[in-house]
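In: how would this look folded up:
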Amino acid sequence: MGLVMGFIYLPVFHKLNITSTYEYLETRFDRRLRMFGSIMFTIMNIGYLPIVIYVPALAFNQVTGVNIHVITPIVCVVCVFYTCVGGLKAVVWTDVVQTFSMFGALVLVAVKGTIDLGGTDIVFRSAWDTGRLERPNFDINPTTRHTLWSQLIGGFVYWLQTNAVSQNMIQRYLSLPSVKAGRKALWIFVIGVCLLMSLCSYCGLLIYATYQNCDPLTTKLAKAKDQLLPLFVMDILGELPGLPGLFVAGVFSAALSSLSTCLNSMSAVILEDFVKPFVQKPLSQRAVNWIMRSVVVGVGALCAALVVVVEKMGTVLQLTMSLEAITNGPLMGTFTLGILVPWVNSKSALTGGIVGVLFMSWLSLKAQYAVATGAIVFPHKQMSVAECTYEFDRSLVNATTTSLITADEIFPLFRISYMWYTFLGATVTIAVSLVCSLFFGQNDPKTVDPDLMAGFVRRYVYQDSDVAQTKDRKVEKNNLTNNKDAHDEIVKESQL
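Out: Purely as a prediction, here's the structure:
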């Protein structure tokens with residue numbers, strides 16, 4: 001993902017000097033595509049932010065017992081406050097502090113837990129002996145939940161979409177002074193995410209090694225899978241003053257970092273794409289500030305209220321990736337068409353995007369409903385409660401052993417692995433757009449601004465004379481715009 005993002009997508013966006021990612025869609029296609037992209041982004045964020053708020057509340061509930069619905073408004077108020085007051089600068093600097101806090105909490109848990117258990121060899125041996133560490137699965141069946149192909153191909157498209165077309169990430173890269181600086185930030189991100197996921201995975205193995213003979217999920221000591229880590233923290237750090245608090249700070253840091261970035265991005269997109277195009281007079285700085293702050297407050301309040309829905313929707317990671325794919329897959333397909341396929345016009349791209357959203361909405365929401373109602377259940381590997389030292393309801397042991405519903409009972413498309421969702425959404429969008437271009441007509445590739453295309457596409461499609469003509473047209477257009485602005489200014493002065 002880092003290579004493709006750094007050398008295909010990032011240079012195109014950086015050269016255009018845009019604020020909203022979706023300005024690209026207007027420049028490449030037309031205003032309808034820009035509105036489509038902005039609406040999809042808004043819907044995605046409103047669906048994603050309640051999940052971000054829910055995660056730290058769940059951890060805090062496990063550690064302190066405080067009700068989730070008491071914590072979520074507090075999280076929102078804190079985040080909305082510093083996002084409103086400080087803007088992007090506050091978001092960036094708080095992210096720096098929160099990143100160190102997040103990594104510090106995970107390292108602390110990993111080191112202390114490993115020492116208590118007796119070393120890393122015990123962690124990996126217990127995981128290998130019981131099948132928690134597996135050899136790569138080369139099954140090409142897309143309904144198999146995790147395979148080498150779903151991780152490599154589906155994971156690649158998911159992370160590319162996260163970096164290449166999401167305003168949340170693009171605004172960070174575009175705030176840097178050059179493409180070189182953007183690539184450096186991209187590789188810091190890639191290395192950081194690899195370290196973070198490795199730490200999370202190791203902590204998961206550590207939790208298993210600790211609880212393998214007394215499963216807290218079976219005994220209901222932990223009410224949800226996402227409370228296993230907080231429970232583990234209280235077991236190994238509970239007697240040490242301040243350390244559980246440090247862990248909770250790390251969890252809240254991860255959530256606040258995502259929440260503040262999304263709120264800031266939402267305010268920028270709504271201002272640039274929903275407000276400015278529809279006002280006749282330029283907005284004053286005071287009006288801009290009020291609009292952006294109102295968006296942050298309004299979206300924050302709405303997402304805090306939607307936490308009630310998220311509670312009933314299953315595992316956080318799968319839920320997030322499944323719901324995001326409704327909008328992000330089609331957006332990924334639309335941007336990819338714009339950057340790589342110059343002959344596709346706006347009507348074909350818009351049709352493909354709408355079909356992609358409708359298809360992914362049907363697929364993802366149906367699948368998540370089946371998971372939430374228990375129609376689809378993913379079986380766990382065998383767990384034991386043989387060595388539990390506390391009392392619990394023994395009838396729970398048999399109640400948790402459920403099997404996966406057979407393919408005959410559930411439409412196979414709903415059982416496709418969530419790792420394929422973003423790839424599927426992008427593929428449907430691109431395929432439909434290409435087919436529509438046979439009916440709606442095609443662009444002459446040489447009429448598309450070469451700066452809107454990836455570098456290797458420019459080399460194969462455009463001649464030097466085409467690039468020169470495009471530059472001349474740009475200069476002429478800018479001159480006309482400047483002359484019109486100067487004329488308007490003279491008229492205003494004469495009227496005064």
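In: Just want the phi and psi numbers for M453.
Out: phi -110, psi 160 (degrees, to the nearest 10).
In: excluding its backbone neighbours, what's nearest the residue nearest to the spatial centre of the chain?
Out: Among the residues of the chain, the one closest to the centroid is T162, at 5.3 Å (CA atoms, centre = their mean). Take T162 and drop its neighbours on the chain: the residue closest to it by CB to CB, 6 or more residues apart in numbering is M169, 6.2 Å away. (Glycine included, C-beta is placed from N, CA and C.)
In: Surely A249 and V97 touch.
Out: No - assessed by CB atoms under 8 Å, A249 is found out of contact with V97, at 10.1 Å.
In: So which of those two has more stuff around it?
Out: Using other CB atoms under 10 Å, the more surrounded residue of A249 and V97 is A249, with 17 against 12.
In: got the contact list for that one?
Out: S101, A105 (CB atoms under 8 Å, 6 or more residues apart in numbering).
In: Pass me the low-pLDDT residue ranges in the stretch 201-350 of the chain, would you?
Out: The stretch 201-350 of the chain contains residues with pLDDT under 70 at 311-321.
In: Please, where are all the helices along it?
Out: Secondary structure of the stretch 201-350 of the chain (DSSP state H, counting those that start in this stretch): helices at 216-219, 228-237, 243-269, 285-305, 307-310, 316-340, 346-372.
In: Tell me which of those helices is the most buried.
Out: Neighbour counts (mean count of other CB atoms under 10 Å) averaged over each of these peak at helix 316-340, with a mean of 24.
In: what packs against it?
Out: Packing partners of helix 316-340 (3 or more CB pairs under 8 Å, 6 or more residues apart in numbering; DSSP states H and E): helix 23-28, helix 31-64, helix 155-164, helix 346-372, helix 421-440.
In: Dump those helices to TSV, plus distance to L413.
Out: Below are the helices and strands packed on helix 316-340 laid out as TSV (distance: least, CB to CB, whole Å):
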stretch	distance to L413
helix 23-28	29
helix 31-64	21
helix 155-164	18
helix 346-372	6
helix 421-440	10
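In: tell me, which of those helices is the model least confident about?
Out: The minimum mean pLDDT among these belongs to helix 31-64 (a mean of 80).
In: related to what we said a few turns ago, which among the helices and strands packed on helix 316-340 is found nearest to P230?
Out: Nearest to P230 among these is helix 31-64; the distance by CB to CB comes to 3.8 Å.
In: can you give me the angle the closest one makes with helix 346-372?
Out: Put simply, helix 31-64 runs at 20 degrees to helix 346-372, going by axes from the mean of the first three to the mean of the last three CA atoms, to 10 degrees.
In: Quick check: buried residues in helix 31-64?
Out: If you call a residue buried by 16 or more other CB atoms under 10 Å, then helix 31-64 has these buried ones: 33-42, 44-45, 47-63.
In: how much distance is there from the helix or strand following that helix to the middle of the chain?
Out: Per DSSP states H and E, the first helix or strand lying C-terminal to helix 31-64 is helix 68-117. With CA atoms, centre = their mean, to the nearest Å as the basis, helix 68-117 stands 17 Å off its chain's centre.
In: what pLDDT, on average, does helix 68-117 get?
Out: 80.
In: elements contacting it?
Out: The contact analysis (3+ CB pairs under 8 Å, 6+ apart) places helix 68-117 against helix 31-64, helix 120-129, helix 179-211, helix 228-237, helix 243-269, helix 285-305, helix 307-310.
In: quick one, phi psi at L221?
Out: phi -70, psi -30.
In: do you know how far the nearest residue to it once chain neighbours are set aside is from I39?
Out: Using CB to CB, 6+ apart and skipping the chain neighbours, the partner closest in space to L221 is L231 (6.5 Å). Separation of L231 from I39 (CB to CB, to the nearest Å): 40 Å.
In: cool, P445 as well?
Out: Taking CB to CB, one finds P445 at 28 Å from I39.
In: try W159
Out: 24 Å.
In: Likewise for I8?
Out: Shown here: I8 relative to I39, a distance of 25 Å by CB to CB.
In: One more: V80?
Out: 23 Å.
In: what's the answer for K89, then?
Out: For K89, the distance to I39 - CB to CB - is 28 Å.
In: closest one to E239 among the helices and strands packed on helix 316-340?
Out: helix 31-64 (13.7 Å).
In: Mind giving me the packing neighbours of that closest one?
Out: Helix 31-64 is packed against helix 23-28, helix 68-117, helix 228-237, helix 243-269, helix 285-305, helix 307-310, helix 316-340, helix 346-372, with contacts defined by 3+ CB pairs under 8 Å, 6+ apart.
In: can you state the direction angle for it and helix 285-305?
Out: 50 degrees.
In: how far out from the middle of the chain is helix 31-64?
Out: The chain centre lies 9 Å from the centre of helix 31-64; the measure is CA atoms, centre = their mean.
In: Next, the angle from that helix to helix 243-269.
Out: Using the same axes, to 10 degrees: helix 31-64 against helix 243-269 is 170 degrees.
In: got a pLDDT number for M5?
Out: In this model, M5 is scored at 92, pLDDT.
In: pretty sure it contacts Q161?
Out: No - using CB under 8 Å, M5 is not in contact with Q161, being 10.0 Å away.
In: the more surrounded of these two?
Out: Using other CB under 10 Å as the criterion, M5 and Q161 rank with Q161 on top: 26 against 21.
In: ok, for the more buried one, nearest residue in space, not its chain neighbours?
Out: M332 is the one closest to Q161 (CB to CB, 6+ apart), at 4.2 Å.
In: Likewise for W420?
Out: Per CB to CB, 6+ apart, closest to W420 is G154, 4.7 Å.
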